[in-house]
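Engineer: For reference, the sequence and a predicted model appear below.
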Amino acid sequence: MNIKILGAGCPNCIKLEENTKQALAELKMEALVEKVTEIQEIMSYGIMSTPALVIDGKVAIVGQVPSAEKIKQIITENNQKDGCIEDVPASSGGCSCGGKC
């Protein structure tokens, strides 16, 4: 899973990053969490307000700082939609694809 935090480094951007890392820790999931501060790249996602959360290339949150609990829900829903080639939800921890599902 690849997660991007889009924003210029404002307090809300920092809080979104903290909440995202907390959510991942509570879910016992590993993911690459990347901060994106370049305006050109942020604009390439078609958003006009930051911070924003992008999960596996899909914009999930714009202009908000949801709680870690809400982010956990979004991550879990994202994994359930994407599923796994082994037909085991990635969030179950029973997948052997190395977290690439």
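Structural biologist: Arrived safely. Numbers count the residues shown, from 1 in each chain.

Engineer: and the gap between the nearest residue to residue 19 once chain neighbours are set aside and residue 39?
Structural biologist: Among residues not flanking residue 19 along the chain, residue 68 sits closest, at 4.5 Å (C-beta to C-beta, 6 or more residues apart in numbering). In this view, the C-beta of every residue, glycine as well, is placed from N, C-alpha and C. Distance, residue 68 to residue 39, using C-beta to C-beta, to the nearest Å: 27 Å.

Engineer: now residue 56
Structural biologist: Separation of residue 56 from residue 39 (C-beta to C-beta): 22 Å.

Engineer: those strands in this protein, which residues are they?
Structural biologist: 2-6, 32-36, 52-55, 58-62 (DSSP state E).

Engineer: what's the pLDDT at residue 79?
Structural biologist: Looking at residue 79, its pLDDT stands at 80.

Engineer: should've said residue 101
Structural biologist: 48.

Engineer: Residue 63 is in contact with residue 49, isn't it?
Structural biologist: Yes: Residue 63 is in contact with residue 49 according to C-beta atoms under 8 Å; the separation is 3.5 Å.

Engineer: ok now stretch 41-51, how far from the chain's centre?
Structural biologist: 15 Å (C-alpha atoms, centre = their mean, to the nearest Å).

Engineer: For that stretch, measure first residue to last.
Structural biologist: 13 Å (C-alpha to C-alpha, to the nearest Å).

Engineer: Likewise for stretch 26-33?
Structural biologist: End-to-end distance for stretch 26-33, by C-alpha to C-alpha: 15 Å.

Engineer: what's the average pLDDT for it?
Structural biologist: The model assigns stretch 26-33 a mean pLDDT of 93.

Engineer: Do a quick rundown of the helices in the chain.
Structural biologist: Along the chain, counting by DSSP state H, helices occupy 11-27, 39-44, 68-82.

Engineer: Identify whichever of those lies nearest to residue 33.
Structural biologist: Comparison of those against residue 33 by C-beta to C-beta identifies helix 11-27 as nearest, at 6.1 Å.

Engineer: what does that closest one contact?
Structural biologist: The contact list for helix 11-27 (C-beta atoms under 8 Å, 6 or more residues apart in numbering) reads 3, 5-7, 30-31, 33, 35, 50-51, 53, 61, 65-69, 71-72, 75-76, 91.
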